[in-house]
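S.K.: Predicted coordinates and the sequence they were generated for:
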Amino acid sequence: MGPFSFLVLLAIAYLLWRITDQLPDLIFRLSEIQRDVAELRRKLTEDEGNDA
């Protein structure tokens, strides 16, 4: 394995480590967004039901 290949392997390992380090925060943010979208849909369907 040449020195360049070793550096590329180190860079990939570092990026994977950073991604997995941020994963719990990312999952929490996605769940918050999903909850907000569900709440907006619920309000929209309630508003449509009240207009009829």
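M.R.: In hand now; what should we look at?
S.K.: how about Leu15, what does it touch?
M.R.: Neighbour list for Leu15: empty [criterion: CB atoms under 8 Å, 6 or more residues apart in numbering]. Backbone N, C-alpha and C define where each C-beta goes, glycine included.
S.K.: In terms of pLDDT, where does it sit?
M.R.: Looking at Leu15, its pLDDT is 96.
S.K.: Name the helix or strand for the residue nearest to the spatial centre of the chain, please.
M.R.: Residue closest to the average C-alpha location in the chain (CA atoms, centre = their mean): Leu26, at 4.4 Å. Taking DSSP states H and E as the criterion, Leu26 maps to helix 3-51.
S.K.: what's near enough to touch the residue nearest to the centre of the chain?
M.R.: Contacts of Leu26 by CB under 8 Å, 6+ apart: none found.
S.K.: Could you measure from it over to Gln34?
M.R.: 13 Å (CB to CB, to the nearest Å).
S.K.: Likewise for Arg41?
M.R.: Applying CB to CB to Arg41 and Gln34 gives a distance of 11 Å.
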